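Enquirer: give me coordinates for this.
(one chain, ligands or ions: 2)
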Amino acid sequence: MKTRRSMLFIPGSNAAMLSTSFVYGADAVMFDLEDAVSLREKDTARLLVHHALQHPLYQDIETVVRINPLNTPFGLADLEAVVRAGVDIVRLPKTDRKEDVHELEGHIARIEQECGREPGSTRIMAAIESALGVVNALEIATASPRMVAIALAAFDYVMDMGTCRGDGTELFYARCAVLHAARVAGIAAYDVVWSDINDEEGFLKEVSLAKGLGFNGKSLVNPRQIELLHRAYAPSRKEVNYAHEVIAAAEEAEACGLGVVSLNGKMIDGPIIDHARKVVALSASGIRD
Ligand SMILES: CC(C)(COP(=O)(O)OP(=O)(O)OC[C@H]1O[C@@H](n2cnc3c(N)ncnc32)[C@H](O)[C@@H]1OP(=O)(O)O)[C@@H](O)C(=O)NCCC(=O)NCCSC(=O)C[C@@](O)(CC(=O)O)C(=O)O
Ligand SMILES: [Mg+2]
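Expert: Ligands and ions are numbered 1, 2, ... in the order given. Predicted structure coming up:
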């Protein structure tokens with residue numbers, strides 16, 4: 001699975017942001033044609049994003065476009081424009097059921113064929129933003145071989161639930177449901193956006209919760225959140241050193257024909273060794289002090 005921790009939302013109608021968003025170092029840039037774009041700017045935004053996707057500066061960074069839902073007057077036109085422009089991933093907002101994904105993949109397959117794009121090269125990420133979407137998370141996550149990730153979208157979800165954003169308790173079931181669906185499907189899961197860009201402490205608390213639950217990363221709204229997220233997701237020097245000790249102990253145990261050993265009084269066996277290898281692999285993208 002690709003290491004993708006940060007996905008930065010960029011309003012598709014904002015030409016200035018579109019022309020610089022690649023500099024901030026997000027793992028993926030996510031141009032938005034949906035809720036960050038007003039009704040009268042929909043056509044302009046689509047054109048701007050179509051051009052940005054083809055710009056040489058966006059060829060080496062993963063691109064995601066959040067299109068409008070297909071049951072709006074804009075969704076299909078968005079899809080036509082972005083698939084033809086070579087987007088890597090289409091983010092489908094407000095995904096409620098597997099049929100939403102099937103409709104999307106049908107259109108993508110046709111457009112890829114019409115424009116000569118390699119069949120299957122356009123991937124899908126579904127955003128789950130309602131109670132129905134959460135209940136159907138598994139059928140959504142497994143609806144298409146093009147699906148690379150599912151993302152929870154908190155603001156629409158809490159509206160649907162008749163509540164509002166709070167300390168995270170209101171998202172607990174949805175986060176767990178989305179994560180379990182993603183893990184069963186073998187795809188990535190992304191946590192919600194943190195909208196108060198000046199509240200660094202609140203953001204980091206939420207990142208820690210998301211990381212602890214098992215999310216692969218978060219959707220972000222501001223470049224200042226990228227480095228904070230990457231640092232929080234990087235293993236600490238202490239974790240990396242311990243992982244190396246675990247791997248060394250495991251190799252020694254294997255040479256002696258032992259399946260389980262103890263290291264400083266702690267049991268070391270299969271899943272703990274796998275975790276240590278994961279920590280070492282992660283450290284290639286950075287280590288936190
Ligand atoms: C919040 C704010 C206005 C603050 O602006 P400010 O200007 O005060 O910020 P500053 O930090 O001062 O900016 C310093 C410099 O960075 C530049 N800069 C800022 N943000 C940048 C950026 N994103 N990309 C590139 N560049 C950027 C800026 O232009 C400036 O450049 P310069 O002038 O050259 O120095 C701005 O960030 C912003 O618009 N964010 C994106 C909002 C958005 O897309 N919302 C939709 C997605 S959520 C949703 O829909 C809910 C959801 O659907 C979610 C789900 O589905 O998950 C659900 O249901 O929950
Ligand atoms: Mg939303």
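
Enquirer: what helix or strand is residue 35 on?
Expert: Under the criterion DSSP states H and E, no helix or strand holds residue 35.

Enquirer: before we move on, what about residue 159?
Expert: Counting by DSSP H and E, residue 159 is part of helix 154-161.

Enquirer: okay, buried residues for the helix or strand that that helix is followed by please.
Expert: Downstream of helix 154-161, the next assigned helix or strand under DSSP H and E is helix 172-185. Residues of helix 172-185 classed as buried: 174, 175, 177, 178, 179, 181, 182, 185 (neighbour count, 16 or more other C-beta atoms under 10 Å). Where you see a C-beta, it was placed from the backbone N, CA and C, and this is true even at glycine.

Enquirer: then helix 172-185 to CSV, C-alphas only?
Expert: The C-alpha coordinates for helix 172-185 follow below in CSV (Å, rounded to 0.1, in the frame of the first residue of the first chain):
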residue,chain,number,x,y,z
PHE,A,172,-16.4,7.0,17.4
TYR,A,173,-18.7,4.5,15.7
ALA,A,174,-18.2,5.9,12.2
ARG,A,175,-14.4,5.9,12.6
CYS,A,176,-14.3,2.3,13.7
ALA,A,177,-16.8,1.2,11.0
VAL,A,178,-14.8,3.0,8.2
LEU,A,179,-11.5,1.6,9.5
HIS,A,180,-12.8,-2.0,9.7
ALA,A,181,-14.2,-1.8,6.2
ALA,A,182,-11.0,-0.5,4.8
ARG,A,183,-8.9,-3.2,6.6
VAL,A,184,-11.2,-6.0,5.3
ALA,A,185,-11.0,-4.5,1.8
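
Enquirer: starting at the chain centroid, how far to that helix?
Expert: Relative to its parent chain, helix 172-185 has a centroid offset of 13 Å by C-alpha atoms, centre = their mean, to the nearest Å.

Enquirer: and for stretch 217-226?
Expert: Worked out by C-alpha atoms, centre = their mean, stretch 217-226 lies 11 Å from the chain centre.

Enquirer: hmm, it touching ligand 2?
Expert: No - shown here: stretch 217-226 not in contact with ligand 2 (C-beta under 5 Å from the ion), separated by at least 9.9 Å.

Enquirer: quick one: buried residues of that stretch?
Expert: 217, 218, 219, 220, 221, 222, 223, 225, 226.

Enquirer: and the residues you listed as JSON lines, adding secondary structure and pLDDT?
Expert: Formatted as JSON lines, the buried residues of stretch 217-226 follow (DSSP: H, G, I helix; E, B strand; the rest coil; pLDDT from 0 to 100):
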{"residue": "217", "secondary structure": "strand", "pLDDT": "98"}
{"residue": "218", "secondary structure": "strand", "pLDDT": "98"}
{"residue": "219", "secondary structure": "strand", "pLDDT": "98"}
{"residue": "220", "secondary structure": "strand", "pLDDT": "98"}
{"residue": "221", "secondary structure": "coil", "pLDDT": "98"}
{"residue": "222", "secondary structure": "coil", "pLDDT": "98"}
{"residue": "223", "secondary structure": "coil", "pLDDT": "98"}
{"residue": "225", "secondary structure": "helix", "pLDDT": "98"}
{"residue": "226", "secondary structure": "helix", "pLDDT": "98"}
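
Enquirer: number of nearby residues for whichever residue of the stretch 51-200 of the chain sits closest to ligand 2?
Expert: Per C-beta to the ion, residue 156 is where the stretch 51-200 of the chain lies closest to ligand 2, at 3.8 Å. Residues near residue 156, counting by other C-beta atoms under 10 Å, number 16.
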